[in-house]
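Engineer: Kindly return the folded structure for what I paste below:
(4 chains)
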Protein chains: 2
Amino acid sequence: MVGMAATIKDIAKLAGVSPGTVSRVLANKVGFFSEHTGEKVRAAAAELGYQKNTAAAELVTQQSNVVAAIVNSTKTNFASPIIEGIQAEAHRHDLNVIILYAGDDDSEQQRRALTTVIERPVRSILLLSVDLAAENLTLLQNSRIPFCFLSISFDEIQVPYITSDDWQVGYQATQTLLKLGHQNIGLAGVDSDFHTGRQRVAGYRQAMQEAGITVQPEWIQLGNYSYTAGQAAMRAYGANSGLTAIIGASDMAAVGVLNTARSLGYRVPTDLSILAIDGTEICELVQPALSSISQNFYEMGVAGVQQLCAPGELPQKITPIKLVERDSLQRNG
Amino acid sequence: MVGMAATIKDIAKLAGVSPGTVSRVLANKVGFFSEHTGEKVRAAAAELGYQKNTAAAELVTQQSNVVAAIVNSTKTNFASPIIEGIQAEAHRHDLNVIILYAGDDDSEQQRRALTTVIERPVRSILLLSVDLAAENLTLLQNSRIPFCFLSISFDEIQVPYITSDDWQVGYQATQTLLKLGHQNIGLAGVDSDFHTGRQRVAGYRQAMQEAGITVQPEWIQLGNYSYTAGQAAMRAYGANSGLTAIIGASDMAAVGVLNTARSLGYRVPTDLSILAIDGTEICELVQPALSSISQNFYEMGVAGVQQLCAPGELPQKITPIKLVERDSLQRNG
DNA sequence: CTGTTAGCGCGTTCAC
DNA sequence: GTGAACGCGCTAACAG
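Structural biologist: Residues are numbered from 1 along each chain as shown, chains lettered A, B, ... in the order given. Next up, the predicted model:
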């Protein structure tokens, strides 16, 4: 609601020129107005406390410089570095970014966020880790607004996304522990309903198989990557699990594992090594600090904006991962 | 960028009616169109995959249903519950919310966030814990868009805000430790450059004075509420501080204190009690879980939206705080 | 260099 | 009930 704000017409009247001229000087179309009128117009604008109505401008130019980021939940702790990456790269392209929350697997909330963005002029849409309900994906595609998923991947549908190689995440996490002499390795809190989780499990299984280890069914504890999922997994393993190492499917899950393991009497890392997946700041907040397979979330955000600014590029891109050693791992035997 | 999307004109042509009529049925102005034309128009709209251009509508109606929340940093961990509160209450009023990040004490970023919001039709603006540079406050006030600060308070300027009573926060935190028999109590990571921090310090001092304790200058360690501020404070206290309890000026600061205290050889809470201020989820992530003076952030968000929906109310409101006991406090002596 | 005209997509009169 | 016309604030195209 702009209220009774001044318009270019008001400025025109005050400066004694036409609205067209005002538009030109305010847009700084050099060469299309004289020094003198430039001064006059700017003075009038300042006097009236003029604020441009960008929505009106976008209506006529049919283009916008805002990119929207839709995030699945306020609780997704890795969203923060992604958003920072988006923001940084967007500003480099002189783009502005707005963020919307789409709730946690709530298709109604998703629709709400999506429509408030689609019904307005936005240049492109980035979706952080949100798995859209089918009808909402249709909505998005029909809008003809360029979009790209971040930190999530798909197999059945064909859409642009940028994320880590989740198979490698699972594989390298497992390899890391294998190399330390661990054999009985758990995977805690992973979601097998979606591609991301299935890939991580597949990478884990492959690494185990290559090492000649048969994974026991109970070693893989499913969940939704949350703290409580980590807790539940560890409780399921129990005090006499026989496990010497556990991979937390996310940082939060790993912390859940850590705290519950402690209350079950495990010493970490002496009795039990824990490796987190994600590598956000919480890894350094807890004690012992959690070693992690770290994703480059910031880079994901940057790449997302670049991808949308350079159409024609490969629609699917992979950001690198790396092992970050902290204090939660120990050689076995 | 809406692209070549269908407009009400297209629908009008397809349905064989006038654009005005289309507008009426789509806005569901009952009584202003017949059953028959209603059907026709809706069918045409569906066939064309029509998406309303809300920006254009807002241009003519001169009002918007989106409220903008400007957040000071992606790292502010308590922003999450505030945003959830905003979102919930906004949806109750059929409002949509967009979020912008204003960076960390970066007046250029602030201006950017502010103008992208002001130049567009938004109904109102909520500012989460952002202390605006003077020129940006002027910008905001000139926009004539209703606004309200959240989780921050002011003394010198007169603006609407909703927050906890920061004096009480400091006072009650200190009282809590006093009642447990502590006398040498530190306050770590608090910022005295702004009203919020000064109030907390004042509450702390008052409680100490009432208990007849002279606070030593080094007991108050200034900082910016961050994890590193907490670390720095604890390092300043040192291994032989004589302190038996420390108040962390925020959850993050408290965790910084906790981890550094540990590395200095303190056992928490046996040797040292730690009380956090804020009470967000990280208090439960670390071990021992941190007791806290908890703020009701969710309620702040709710109240912020209500305040903006019911003009004429008191512009300054206080949300309640409460002590949440976890495992980081112990009686002294 | 500058004024005039047209129109972006929509809601809302005001006639009929 | 419905169509025609107007205008929201702005930019772009076209004269001059």
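Engineer: same question for stretch A:145-159, mean pLDDT?
Structural biologist: The average pLDDT within stretch A:145-159 is 93.
Engineer: same check, this time on stretch A:240-255
Structural biologist: The model assigns stretch A:240-255 a mean pLDDT of 97.
Engineer: And chain B, is it touching that?
Structural biologist: Yes. With C-beta under 8 Å from any C-beta of the partner chain as the criterion, chain B is reached by stretch A:240-255 at residue A:255. The C-beta positions use only the backbone N, C-alpha and C, and glycine is treated the same way.
Engineer: So which bits of that stretch are buried?
Structural biologist: Buried residues in stretch A:240-255, defined by neighbour count with 16 or more other C-beta atoms under 10 Å in any protein chain shown: A:241, A:243-255.
Engineer: And that stretch, end to end?
Structural biologist: This stretch, stretch A:240-255, spans 19 Å end to end (C-alpha to C-alpha, to the nearest Å).
Engineer: swap in stretch A:11-31?
Structural biologist: Stretch A:11-31 has its terminal residues 20 Å apart, counting by C-alpha to C-alpha.
Engineer: Next: stretch A:123-139.
Structural biologist: The first and last residues of stretch A:123-139 sit 16 Å apart, counting by C-alpha to C-alpha.
Engineer: can that stretch be found next to chain B?
Structural biologist: Yes. Among the residues of stretch A:123-139, residue A:123 lie within reach of chain B under C-beta under 8 Å from any C-beta.
Engineer: from the chain's centre, how far out does that stretch sit?
Structural biologist: 13 Å (C-alpha atoms, centre = their mean, to the nearest Å).
Engineer: Can you list the buried residues in that stretch?
Structural biologist: Going by neighbour count (16+ other C-beta under 10 Å), the buried part of stretch A:123-139 is A:123-133, A:136-137, A:139.
Engineer: I'd like those residues written out as a markdown table, with pLDDT added.
Structural biologist: Output for those, formatted as a markdown table (pLDDT from 0 to 100):
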| residue | pLDDT |
| --- | --- |
| A:123 | 96 |
| A:124 | 96 |
| A:125 | 98 |
| A:126 | 98 |
| A:127 | 97 |
| A:128 | 96 |
| A:129 | 94 |
| A:130 | 94 |
| A:131 | 91 |
| A:132 | 94 |
| A:133 | 94 |
| A:136 | 96 |
| A:137 | 96 |
| A:139 | 94 |
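Engineer: quick one: which of these sit in helices?
Structural biologist: Under the assignment DSSP state H, the buried residues of stretch A:123-139 contribute A:136-137, A:139 to helices.
Engineer: Relative to residue A:264, which of those is nearest.
Structural biologist: Taking C-beta to C-beta as the measure, residue A:264 lies nearest residue A:136 of those, at 41.2 Å.
Engineer: What strands flank the worst-scoring helix or strand of chain A on mean pLDDT, and is each parallel or antiparallel?
Structural biologist: One helix or strand of chain A scores below all others by mean pLDDT, DSSP states H and E: strand A:316-319, with a mean of 86. Within its sheet, strand A:316-319 is paired with strand A:161-164 (parallel), according to DSSP bridges.
Engineer: which residues does residue A:44 contact?
Structural biologist: Contacts of residue A:44 were listed using C-beta atoms under 8 Å, 6 or more residues apart in numbering or on different chains, and they are A:11, A:14-15, A:50.
Engineer: The helix or strand harbouring residue A:112 - what's its average pLDDT?
Structural biologist: Under the criterion of DSSP states H and E, residue A:112 resides in helix A:107-118. Regarding helix A:107-118, the rounded mean pLDDT is 95.
Engineer: So it, near DNA strand C or not?
Structural biologist: No. Counting by C-beta under 7 Å from any atom of the strand, DNA strand C has no neighbours in helix A:107-118; the shortest distance is 11.5 Å.
Engineer: Tell me the helices and strands packed up against that helix.
Structural biologist: Judged by 3 or more C-beta pairs under 8 Å, 6 or more residues apart in numbering or on different chains; DSSP states H and E, helix A:107-118 is in contact with strand A:66-71, strand A:96-101, helix A:134-142, strand B:96-101.
Engineer: To DNA strand C, which of the ones you listed lies closest?
Structural biologist: Taking C-beta to the nearest atom of the strand, helix A:134-142 is the member of the helices and strands packed on helix A:107-118 nearest to DNA strand C, at 14.1 Å.
Engineer: anything in the closest one near DNA strand C?
Structural biologist: No. Helix A:134-142 is not in contact with DNA strand C by C-beta under 7 Å from any atom of the strand; minimum separation 14.1 Å.
Engineer: Show residues contacting that helix.
Structural biologist: For helix A:134-142, contacts defined as C-beta under 8 Å, 6+ apart pick out A:107, A:110-111, A:114-115, A:118, A:125, A:132, A:147, A:157, A:159, B:49, B:51.
Engineer: Counting neighbours, what do you get for residue A:198?
Structural biologist: Residue A:198: 18 surrounding residues under other C-beta atoms under 10 Å in any protein chain shown.
Engineer: ok so, going back, export the buried residues of stretch A:123-139 to a markdown table and append columns for distance to residue A:284.
Structural biologist: Output for these, formatted as a markdown table (distance: C-beta to C-beta, whole Å):
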| residue | distance to residue A:284 |
| --- | --- |
| A:123 | 36 |
| A:124 | 33 |
| A:125 | 32 |
| A:126 | 27 |
| A:127 | 28 |
| A:128 | 22 |
| A:129 | 22 |
| A:130 | 27 |
| A:131 | 29 |
| A:132 | 33 |
| A:133 | 36 |
| A:136 | 36 |
| A:137 | 37 |
| A:139 | 40 |
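Engineer: Pick out the residue in the stretch 201-333 of chain A sitting closest to DNA strand D.
Structural biologist: Residue of the stretch 201-333 of chain A nearest DNA strand D, by C-beta to the nearest atom of the strand: residue A:309 (19.3 Å).
Engineer: picking that back up, ok, the contacts of residue A:44 vs chain B, which is closest?
Structural biologist: Comparing those against chain B with C-beta to the nearest C-beta places residue A:50 closest, at 9.5 Å.
Engineer: Next, work out how far apart the closest one and residue A:13 are.
Structural biologist: Taking C-beta to C-beta, to the nearest Å as the measure, residue A:50 falls 12 Å from residue A:13.
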